[in-house]
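Visitor: here is my input, please return the structure:
(chains A and B)
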Amino acid sequence: MRRPGAAAACGALPRAACSPSAPRAALVLLAGLILLALLAPPASPWAFDSLDWRHLAQPPELTAAHWFGTDRLGRDLFVRTLHGVRLSLLISLLASAIAVGLGVAWGALAGLVGGRTEEVMMRFVDVLYSLPYLFFVIILSALLGRGSVAVLLLAIGAVGWLTTARIVHGQTLQLKRREFIEAARATGLSTAAILARHVVPNLAGTVVVYAALTVPQMILFESFLSFLGLGVQEPYASLGNLINAGAQEMESAPWMLLVPAAFLVLLLACLNLLGDGLRDALDPREH
Amino acid sequence: MLSYALRRIAVALPTLLVIITLSFVLQRLAPGGPFDQEQTLPPAVRANLDRVYGLDRPLPVQYARYLGALARGDFGPSLSQRDFTVAELIGQGLPLSATLGLAAVLLAILVGIPAGIAAALARGGGTDYALTALSTLGIALPTFVTGPALALLFGLHLHWLPVAGWERGAPRYLVLPVVTLALPVAAYLARLTRTSLLEVLRSNYIRSARARGLGAGRVLWHHALRPALLPAVSYLGPAVAFVVTGSLVIETVFGLPGSGRYLVQGAIDRDYPLVLGMVIVYAALTLACNLAADLVYGWLDPGARRG
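Guide: Next up, the predicted model:
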């Protein structure tokens, strides 16, 4: 799901949603969530795949053995949801690294080389941009088989780089006109060296901002694929496949849907607010 | 205008060709062939089969035949549903998916743009605040969360609408899917329209229109609206891509027998001809819709026709 709006246009919002304290609150909440996801599952008596035959499909109750209840097989939903958060974060961070790396390399190279090559490279980005990204993920998983984390990473990383490539391309075009790049060229530095030593370091601020905004997008991609059954497979838990399992049981066990959905929304909201805050702080040109 | 339209078509067609070529190459690269079974076939049988299906020809010839078959609407047989061709499966699912997508885009336009205009005109007031909060929520929530949540609320608790399923010709089965799919698009359109209308209303020519004594309604209709709608129109292309992707989720959530479910199931079953056939059809549809959005944009903004 490409949603250009997910994090954009903070300036269009009433002031309260953009107050400088919002990103800070999001950061604190996010840190708490990550600590919980890392520390709570090992401390719990239940593992993500351990079955509790005495408590099948138990509703949530904070005084009971299972805080967030259990699923139909008696697996603890608290532990499974936090495992899902952990896996979602891990996959999205790695996929963001792939996406941002590819995007920076592509955009900076196209901008720096210029001419026909640049045109072809950016045209390619435009073409991919106009298509629903999910096609590529579906083709990839059809070809490579589903369920492997490597395929998942490759698939979502391979579609997440387009925005970064476009923005880096634009920034590089601006940088290219500056004197120090010309000076570097005059001293006979190769394109690769100029790219690595002069262009990329100057892009750092922009790249950090877009990397931060890529992470929630990757979480969305991952849970979307897992929801459809093309991503993380049972018995492993991801927010997407937990929501899918919950949606199938929502008539008799609505908590199975509501708990992972609430965690996903919370995670996305924190990451988006944080990314917007970073952009306001580091990239004033956008406003 | 005509040359603008032709230029846009000239961009769209090569894109489609690239996708078709890519799908042909991927199909060749994929591990496993159509005649790989548990027992290996005797070489003579294998050679016969290859000859009948043209697999012994050089790749360029196979490619040309593939293009020819596509032009006739022949996508080959499905590997997972042995009694059906891919074209038959697409034909079964596409009408429902197209209805779903079209209804969602229309609903999003009819709700989102007026909501954005209302918010901009009531800037700073309660209406503006409520609409903006609603649209922020609509943009932030993924469809696979809103879909089940709406089904839980309106289907299971209030019993207003069916939770899932599909009976031919019963529009109430489509209400929740269409609303779920339209929600994020409407929310984004509302935000775009609000921002851009506010900007236009601040511009000098609007001030001079007001100074000439024109009423607020006339200024809005005759002067402000057309340029203010440009961002929303240029978002319609991406919106179509979003709706196409979203329909995969919607069809899964609400148990609708549309073509999106075949695509997902095809990927799970590794049914290459089905997946690639679907991708080509969906890509062609998306490109066509993008083209339509471009043309509307060109009609609204004469400057874009040059470029």
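Visitor: what's the neighbour count on residue 44?
Guide: Defaulting to chain A. Here the number of neighbours of residue A:44 (other CB atoms under 10 Å in any protein chain shown) works out to 16. Backbone N, C-alpha and C define where each C-beta goes, glycine included.
Visitor: should've been chain B
Guide: Counted with other CB under 10 Å, residues neighbouring residue B:44 total 8.
Visitor: helix or strand: which one has it?
Guide: helix B:43-52 (DSSP states H and E).
Visitor: average pLDDT across that helix?
Guide: Taken as a whole, helix B:43-52 has an average pLDDT of 79.
Visitor: list the helices and strands the next helix-or-strand element following that helix packs on?
Guide: Next helix or strand after helix B:43-52 toward the C-terminus (DSSP H and E): helix B:59-71. Using 3 or more CB pairs under 8 Å, 6 or more residues apart in numbering or on different chains; DSSP states H and E, the elements in contact with helix B:59-71 are helix B:2-29.
Visitor: so which elements touch the helix it packs on?
Guide: Checking 3+ CB pairs under 8 Å, 6+ apart, helix B:2-29 ends up next to helix A:134-144, helix B:59-71, helix B:272-300, helix B:302-305.
Visitor: now the stretch 1-150 of chain A, which segments are flagged as low pLDDT?
Guide: Residue ranges of the stretch 1-150 of chain A with pLDDT under 70: A:1-20, A:50, A:52-53, A:55-57, A:63-66, A:74, A:130, A:145-147.
Visitor: quick check: phi and psi at residue A:70.
Guide: In terms of degrees, to the nearest 10, the main-chain angles of residue A:70 are phi -130, psi 170.
Visitor: that one pairs with what?
Guide: Listed by DSSP bridges, the beta-bridge partners for residue A:70 are residue A:76.
Visitor: quick check: it touching residue A:79?
Guide: No - with contact taken as CB atoms under 8 Å, residue A:70 and residue A:79 are classed as non-touching, separated by 9.9 Å.
Visitor: who has more neighbours, those two?
Guide: Of the pair residue A:70 and residue A:79, residue A:70 is the one with more neighbours under other CB under 10 Å, namely 28 against 25.
Visitor: quick one, which of the helices and strands packed on helix B:2-29 is packed in tightest?
Guide: Comparing these by mean neighbour count (mean count of other CB atoms under 10 Å in any protein chain shown), helix A:134-144 comes out on top with a mean of 23.
Visitor: quick one: is it near chain B?
Guide: Yes - remark: helix A:134-144 sits within contact range of chain B at A:134-135, A:138-139, A:141-143, by CB under 8 Å from any CB of the partner chain.
Visitor: for these, which one is nearest residue B:225?
Guide: When the residues of helix A:134-144 next to chain B are compared for distance to residue B:225 (CB to CB), residue A:134 wins out at 34.1 Å.
Visitor: quick check: closest non-adjacent residue to that closest one.
Guide: With CB to CB, 6 or more residues apart in numbering or on different chains as the measure, residue B:245 is the residue that lies nearest to residue A:134, at 4.7 Å, once sequence neighbours are left out.
Visitor: please, which helix or strand holds the one you found?
Guide: Using DSSP H and E, the secondary-structure element containing residue B:245 is helix B:230-253.
Visitor: other SSEs contacting the helix or strand following that helix?
Guide: Past helix B:230-253, heading to the C-terminal end, the next element that is a helix or strand (DSSP H and E) is helix B:259-269. Helix B:259-269 is packed against helix A:134-144, helix B:86-121, helix B:230-253, helix B:272-300, with contacts defined by 3+ CB pairs under 8 Å, 6+ apart.
Visitor: please identify which of the ones you listed is closest to residue B:28.
Guide: By CB to CB (comparing all of these), the closest turns out to be helix B:272-300, at 9.9 Å.
Visitor: mind checking how far residue B:5 is from residue B:240?
Guide: As defined by CB to CB, to the nearest Å, residue B:5 lies at a distance of 18 Å from residue B:240.
Visitor: can you list the helices and strands packed on helix B:2-29 in CSV and add distance to residue A:253?
Guide: Putting these into CSV (distance: least, CB to CB, whole Å) gives the following:
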stretch, distance to residue A:253
helix A:134-144, 29
helix B:59-71, 46
helix B:272-300, 33
helix B:302-305, 53
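Visitor: re the thing from before, now the helices and strands packed on helix B:259-269 in a markdown table, with distance to residue A:47?
Guide: Below are the helices and strands packed on helix B:259-269 laid out as a markdown table (distance: least, CB to CB, whole Å):
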| stretch | distance to residue A:47 |
| --- | --- |
| helix A:134-144 | 28 |
| helix B:86-121 | 40 |
| helix B:230-253 | 29 |
| helix B:272-300 | 36 |
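Visitor: and the closest residue to residue B:255 other than its chain neighbours, what does it touch?
Guide: By the measure of CB to CB, 6+ apart, the closest residue to residue B:255 outside its immediate chain neighbours is residue B:164, 4.1 Å from it. Applying CB atoms under 8 Å, 6 or more residues apart in numbering or on different chains, one finds that residue B:164 lies in contact with B:151, B:155, B:253-256.
Visitor: which one in those residues is the model shakiest on?
Guide: Taking the contacts of residue B:164 together, the minimum pLDDT is found at residue B:155 (78).
Visitor: quick one, what contacts the closest residue to it other than its chain neighbours?
Guide: On the basis of CB to CB, 6+ apart, the spatially nearest residue to residue B:155 that is not a chain neighbour turns out to be residue B:163, at 3.4 Å. By CB under 8 Å, 6+ apart, the residues touching residue B:163 are A:251, B:151, B:155-156, B:254.
Visitor: which of the residues you listed are buried?
Guide: Among the contacts of residue B:163, those classed as buried by 16 or more other CB atoms under 10 Å in any protein chain shown are B:151, B:155, B:254.
Visitor: and stretch A:188-204, how far from the chain's centre?
Guide: Here the centre of stretch A:188-204 is set off from its chain's centre by 27 Å, with CA atoms, centre = their mean, to the nearest Å.
Visitor: before we move on, what about stretch A:115-134?
Guide: Put simply, stretch A:115-134 sits 22 Å off its chain's centre (CA atoms, centre = their mean).
Visitor: and it, what's buried?
Guide: Of all the residues in stretch A:115-134, those buried under the rule 16+ other CB under 10 Å are A:118, A:121-122, A:125, A:127-134.
Visitor: now do stretch A:144-157
Guide: The neighbour-count check on stretch A:144-157 (16+ other CB under 10 Å) flags A:144, A:146-147, A:151-157 as buried.
Visitor: contact residues of the stretch 151-287 of chain A facing chain B?
Guide: Along the stretch 151-287 of chain A, the residues adjacent to chain B under the rule CB under 8 Å from any CB are A:220, A:223-224, A:227-230, A:240, A:243-244, A:246-247, A:250-251, A:254, A:257, A:261, A:264-265, A:268-269, A:272.
Visitor: out of these, which are buried?
Guide: For those, a neighbour count by 16+ other CB under 10 Å gives the buried set as A:220, A:223-224, A:227-230, A:240, A:243-244, A:246-247, A:250, A:254, A:257, A:261, A:264-265, A:268-269, A:272.
Visitor: what about those, which are in helices?
Guide: Of the positions in these, A:220, A:223-224, A:227-228, A:240, A:243-244, A:246-247, A:257, A:261, A:264-265, A:268-269, A:272 sit in helices, assigned by DSSP state H.
Visitor: most centrally placed residue in chain B?
Guide: The centroid of chain B falls nearest to residue B:244 when counting by CA atoms, centre = their mean (3.0 Å).
Visitor: ok, that residue touching residue B:284?
Guide: No - if you go by CB under 8 Å, residue B:244 and residue B:284 don't touch, sitting 11.2 Å apart.
Visitor: and residue B:251, how far from chain A?
Guide: 10 Å (CB to the nearest CB, to the nearest Å).
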